[in-house]
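Participant: Mind folding the following:
(chains A and B)
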2 protein chains.
Amino acid sequence: MKIAQIAPLMESCPPKLYGGTERVVSNLTEELVRLGHEVTLFASGDSRTAAKLEPCCAGALRLDPRCKDPLVYVMTMLYCVRRRAHQFDILHFHTDYLHFPLFADVCDKTVTTMHGRLDMPDLPVAMREFSMMPLVSISDAQRRPMPWANWHSTVLHGLPPDLHRLGNGSGGYLAFLGRISPEKRPDRAIAIARRCSMPLQIAAKVDRVDREYHEAEIAPLLDDPLVEFLGEIGEAEKDVFLGNAAALLFPIDWPEPFGLVMIEAMAVGTPIIAFGCGSVPEIIEDGVTGFVVNDIDAAVDAVRHAVRLDRRMVRRRFEERFTAERMARDYLAVYEELLSGAFGGRSSRAEMARAAD
Amino acid sequence: MKIAQIAPLMESCPPKLYGGTERVVSNLTEELVRLGHEVTLFASGDSRTAAKLEPCCAGALRLDPRCKDPLVYVMTMLYCVRRRAHQFDILHFHTDYLHFPLFADVCDKTVTTMHGRLDMPDLPVAMREFSMMPLVSISDAQRRPMPWANWHSTVLHGLPPDLHRLGNGSGGYLAFLGRISPEKRPDRAIAIARRCSMPLQIAAKVDRVDREYHEAEIAPLLDDPLVEFLGEIGEAEKDVFLGNAAALLFPIDWPEPFGLVMIEAMAVGTPIIAFGCGSVPEIIEDGVTGFVVNDIDAAVDAVRHAVRLDRRMVRRRFEERFTAERMARDYLAVYEELLSGAFGGRSSRAEMARAAD
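Facilitator: Next comes the predicted model:
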């Protein structure tokens, strides 16, 4: 199949450091190539891929200090894709709703994975207006604010199985990995670690928008000798960081659409203690790959149980449920159903939502 | 002629308070209707117009606290315009570069007025990629960062002649009107007023991005008994505010693309003392409607001369050069030349710039 993958341009594919969407696009692209498909990746020019790379800006825009308006590059990329649309069987977009107007007339050969949270006040306007665009969610929970939208499938994310290897958790610490932000609740992670009297290692970036939160709420908590703050770490360091951890803490307080770090932990065999928001119950098998909890007390209890879970079983469940190959085959099934015309599309649910508005 | 005017949605047409682009779109739209054309205005639903209003969101997005992502509404508006493009002779866009990808294939019936400053690092990428889109600048100076772009004309802004009436400047104060921001240099206005020992009245909004600048740099200067800070004022109040002023201070420090307040002052007969950046020398006739200066000393001198200028002559030059009718007729000439095919378009300059890149 001739497939175009259209990535956001904020990070390279894969990202140098943090960056969920572009990492998934990269995993999917490389796996589709491995499975024998002819893939073109529209992405930042510093991306690395076995597909044909169509560079749409010199480097990842988040890390380019000269870039003030990333939208310029996204719009020129979309125009480039539109002119070449006839060269592909399927156009797979990861660019939120930005391509909808330009591709509405060829919607039947497009699929759009929504990567973000959907409880945004303005998004339903776009989803109703462009109800012809087939959508994929990254968890069932993600759909909750807009169950009426034109969903084709949920495709859970996947990782290359050889990217991480089984660790033994011998570091004896709890791990927190991601962003310092109120949604991710690093304060809860610190509280849990203190209650367990276990060391906590925090590997996280601090976005500009979160600097104030970090200074006011988190920085004062980092004095604790149990807590170590490592800053942002790269892909290569995750293996050791996660693999040596006794457990990953994921005490989120928002409707997490997926949460890649959970399957990264599973890939190294590290069990996860997660608060049951958003996608969490779809990803963690309670008592097998970790524990789903709803308060600090339960999280502290769960840490004690988690360290006794079979790490090889955690890794095995990763291999069964969250590899890039499983993800790529799921997407290929989506592409094939769309191209066969079997998907009703433009669902009556969306029409009804529009009528009811 | 069947004309679509496509406005940004941040403000209504006309805006309730501050807002340059939507005010110009409104002036142009109403004048085109008055001249007998069939005009459809794509704008926020709280706009007021004699044209056919196509509401693209309930109310002005800047003032809507529920709106987090204005782009959703712009994209759905553009899609709506695209589907109806065949119903119009000309599509006149005021939406920066956002419509370029969707209208590149019908570029010959479009014109885009660039309303902002153009010395932005990413914009040339869009201007090269979409070099087929005919552009109008709002001053010749605005073009300086991109002289090679596909410019058709410069059309200076205009106001309805009956919107403001000749004032007598009897308030004896200097006026500053606009935004509190480093580009507008209210600090210079205060320094000039002090040196002249004349009262200064400041009518200005403080945008969120400028709050820090206001608190740190400007608020401490407002204690001076010569200085009065009035906050943001509406259209109806400008007549009195500007008409009673001895002169308007416009001591800017940025490449001002147009500067509507200068022609508002001219409409009430109030001379302007302006620093010679950007569009200023194209708008002010030195010694007739005001003075173009380059430092505080010259500005202080100019105030003494300005109060002796003939206010009726200032108003007369406004009527000769800056009415909405003159603006509308200029734009009609642009539309007609584009539709006749006489405009070469896709200029070789843009092609050369691309080649040289």
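Participant: ok, and the helix or strand in chain A with the lowest average confidence?
Facilitator: Scoring the helices and strands of chain A by mean pLDDT, DSSP states H and E places helix A:348-356 at the bottom, with a mean of 47.
Participant: How about the spatially most central residue of chain A: what's its closest non-neighbour residue?
Facilitator: The centroid of chain A falls nearest to residue A:20 when counting by CA atoms, centre = their mean (4.4 Å). Excluding the flanking residues, the one nearest residue A:20 by CB to CB, 6 or more residues apart in numbering or on different chains is residue A:260, at 5.2 Å. C-betas here are computed from N, CA, C, even on glycine.
Participant: follow-up on the earlier one: for the residue nearest to the centre of chain A, give me its contacts.
Facilitator: A:115, A:258, A:260 (CB atoms under 8 Å, 6 or more residues apart in numbering or on different chains).
Participant: how much space between it and chain B?
Facilitator: The spacing between residue A:20 and chain B, counted by CB to the nearest CB, to the nearest Å, is 19 Å.
Participant: Then residue A:207?
Facilitator: 17 Å.
Participant: In contact with that residue: list those residues for me.
Facilitator: Contacts of residue A:207 were listed using CB under 8 Å, 6+ apart, and they are A:179, A:181.
Participant: where does residue A:221 land in three-state SS?
Facilitator: Under DSSP: H, G, I helix; E, B strand; the rest coil, residue A:221 falls in the helix class.
Participant: give me the number of residues near it?
Facilitator: Neighbours of residue A:221 under the rule other CB atoms under 10 Å in any protein chain shown: 17.
Participant: what does the one 4 residues further on give?
Facilitator: A total of 6 residues lie near residue A:225 under the criterion other CB under 10 Å.
Participant: residues contacting it?
Facilitator: No contacts exist for residue A:225 under CB under 8 Å, 6+ apart.
Participant: again with residue A:293
Facilitator: With contacts defined as CB under 8 Å, 6+ apart, residue A:293 is in contact with A:273-276, A:299, A:301-302.
Participant: So which of those residues sit within helices?
Facilitator: Among the contacts of residue A:293, the members found in helices (DSSP state H) are A:299, A:301-302.
Participant: closest to residue B:13 among these?
Facilitator: residue A:299 (53.8 Å; CB to CB).
Participant: That closest one: neighbour count?
Facilitator: Residues contacting residue A:299 under the criterion other CB under 10 Å number 26.
Participant: What residues does the stretch 101-250 of chain A have near chain B?
Facilitator: A:101-102, A:104, A:120-123, A:125-126, A:129-130 (CB under 8 Å from any CB of the partner chain).
Participant: Quick check: the residue nearest to residue A:210 when sequence neighbours are not counted vs chain B, distance?
Facilitator: Once flanking residues are discounted, residue A:210 sits nearest to residue A:181: 4.7 Å by CB to CB, 6+ apart. Residue A:181 is 17 Å from chain B, where distance means CB to the nearest CB.
Participant: Now residue A:182: closest residue in space that isn't a chain neighbour?
Facilitator: residue A:213 (5.7 Å).
Participant: An error on my part: the question was meant for residue A:126.
Facilitator: Distances taken as CB to CB, 6+ apart place residue A:97 nearest to residue A:126, at 4.2 Å, with adjacent residues excluded.
Participant: Could you look up the SS state of the one you found?
Facilitator: coil.
Participant: And stretch A:109-117, end to end?
Facilitator: 25 Å (CA to CA, to the nearest Å).
Participant: and it, what's its mean pLDDT?
Facilitator: The average pLDDT within stretch A:109-117 is 96.
Participant: what's the answer for stretch A:31-44, then?
Facilitator: 98.
Participant: next one: that stretch to chain centre, how far?
Facilitator: 19 Å (CA atoms, centre = their mean, to the nearest Å).
Participant: Show the end-to-end separation of that stretch, please.
Facilitator: Distance between the two ends of stretch A:31-44: 19 Å, counting by CA to CA.
Participant: Mind listing what's buried along that stretch?
Facilitator: By neighbour count on 16 or more other CB atoms under 10 Å in any protein chain shown, the buried set for stretch A:31-44 is A:31-33, A:37, A:39-44.
Participant: Secondary structure for these - can I get that in TSV?
Facilitator: Formatted as TSV, the buried residues of stretch A:31-44 follow (three-state DSSP):
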residue	secondary structure
A:31	helix
A:32	helix
A:33	helix
A:37	coil
A:39	strand
A:40	strand
A:41	strand
A:42	strand
A:43	strand
A:44	coil
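Participant: Mind picking the two most distant members of the residues you listed?
Facilitator: It's A:37 and A:44 that sit farthest apart of those, by CB to CB, at 21.7 Å.
Participant: Among the contacts of residue A:20, which one lies nearest to chain B?
Facilitator: Of all the contacts of residue A:20, residue A:115 has the smallest distance to chain B: 15.1 Å, by CB to the nearest CB.
Participant: I figured that closest one hits residue A:24, correct?
Facilitator: Yes - counting by CB atoms under 8 Å, residue A:24 is a contact partner of residue A:115 at 7.3 Å.
Participant: Need the overlap of contacts for those two.
Facilitator: Common contacts of residue A:115 and residue A:24 (CB under 8 Å, 6+ apart): residue A:94.
Participant: related to what we said a few turns ago, the residue nearest to residue A:20 touches residue A:21, doesn't it?
Facilitator: No - at 9.6 Å, residue A:260 and residue A:21 do not qualify as touching, with contact defined as CB under 8 Å.
Participant: and which of the contacts of residue A:293 is nearest chain B?
Facilitator: Taking CB to the nearest CB as the measure, chain B lies nearest residue A:275 of the contacts of residue A:293, at 24.7 Å.
Participant: In contact with the closest one: list those residues for me.
Facilitator: Residue A:275 neighbours (CB under 8 Å, 6+ apart): A:185, A:188, A:250-253, A:292-294, A:299.
Participant: Return the member of these nearest to residue B:266.
Facilitator: residue A:253 (56.3 Å).
Participant: Which residues lie in contact with residue A:151 in this structure?
Facilitator: Per CB under 8 Å, 6+ apart, neighbours of residue A:151: A:135-137, A:143, A:347.
Participant: Any regions of the stretch 101-250 of chain A where pLDDT drops low?
Facilitator: In the predicted model, the stretch 101-250 of chain A carries no residue with pLDDT under 70.
Participant: Check which helix or strand residue A:18 maps to.
Facilitator: For residue A:18, there is no enclosing helix or strand under DSSP states H and E.
Participant: pLDDT wise, what is it at?
Facilitator: You'll see residue A:18 listed with a pLDDT of 70.
Participant: Backbone dihedrals for the closest residue to it other than its chain neighbours, please?
Facilitator: Ranked by CB to CB, 6+ apart and with sequence neighbours excluded, the top spatial neighbour of residue A:18 is residue A:205, at 5.0 Å. For residue A:205, the backbone dihedrals (degrees, to the nearest 10) come out as phi -90, psi 160.
Participant: still on that earlier bit, nearest to chain B among the contacts of residue A:151?
Facilitator: The shortest gap between chain B and any of these belongs to residue A:135, at 15.4 Å (CB to the nearest CB).
Participant: Now do the contacts for the closest one.
Facilitator: Here residue A:135 is in contact with A:111-114, A:149-152 (CB under 8 Å, 6+ apart).
Participant: ok, and the most crowded of those residues?
Facilitator: Ranking the contacts of residue A:135 using other CB under 10 Å puts residue A:112 first, with 25 neighbours.
Participant: Okay, and that residue sits in which element?
Facilitator: strand A:110-113.
Participant: Could you give the separation of that strand from the chain centroid?
Facilitator: Strand A:110-113 has its C-alpha centroid displaced from the chain centroid by 16 Å (CA atoms, centre = their mean).
Participant: Stretch A:269-280 too?
Facilitator: From the chain centre to the centre of stretch A:269-280 is a distance of 14 Å (CA atoms, centre = their mean).
Participant: on that earlier part again, which other helices and strands contact the helix or strand following the strand holding residue A:112?
Facilitator: Next helix or strand after strand A:110-113 toward the C-terminus (DSSP H and E): helix A:123-129. Here helix A:123-129 touches helix A:348-356, helix B:71-83, going by 3 or more CB pairs under 8 Å, 6 or more residues apart in numbering or on different chains; DSSP states H and E.
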